[in-house]
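**Q** this one's sequence-less:
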């Protein structure tokens, strides 16, 4: 039973994406924040349980990746439509995930199996992307708005997200080109 928990957590994250999207779209930032934190915790637990209890599976790695990318793309698109971050940040973050997904789809269409494992930079990037979403949501919850410290953290995290996004994308492109 415990070996199914990581996949259940990934599926739960995927199911929660439309709810978070709706909450952000209609400015229910506190509720979006709470659910985003739950999604981030479940992402951590998913990987922790899979590694600790040797419950890793091919379908699980796909579900985890889909859940992460779908959440990141959705959240950043909505944060962008609400003008909560500069558009260039949104474009960089979303473009990276689209390029990576495109490479996997293209490789699949060409009957080439891509076995690229996430690099540490990519894991840091995902953590920072989640952190930036949380900080932006905190900054827009009425009780916290505006806190100078949060704005400073958003700026620092935003540039860290840009750096790790570009670095991890370049690494994945290099790995993908080495396969071909």
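**A** Nice, I can see it. The model shown is predicted, which means the values in this text are computed figures rather than measured ones.

**Q** Go ahead and name everything in contact with the helix or strand hosting residue 6.
**A** Per DSSP states H and E: residue 6 is located in helix 5-25. Here helix 5-25 makes contact (C-beta atoms under 8 Å, 6 or more residues apart in numbering) with 29, 31-32, 35-36, 38-39, 42-43, 45-47, 49-50, 55-57, 59-60, 63-64, 66-68, 70-71, 74-75, 78-79, 81-82, 137. Every C-beta, even on glycine, is put in place using the N, C-alpha and C of the backbone.

**Q** Check which element follows that helix along the chain.
**A** Downstream of helix 5-25 (by DSSP H and E), the next one is helix 29-52.

**Q** Tell me the buried residues within the contacts of helix 5-25.
**A** 29, 31-32, 35-36, 39, 42-43, 46-47, 49-50, 55, 60, 63-64, 67-68, 70-71, 74-75, 78-79, 137 (16 or more other C-beta atoms under 10 Å).

**Q** So which other helices or strands are in contact with the helix or strand residue 126 falls within?
**A** Using DSSP H and E, residue 126 maps to helix 120-139. Applying 3 or more C-beta pairs under 8 Å, 6 or more residues apart in numbering; DSSP states H and E, one finds that helix 120-139 makes contact with helix 29-52, helix 58-81, helix 148-179.
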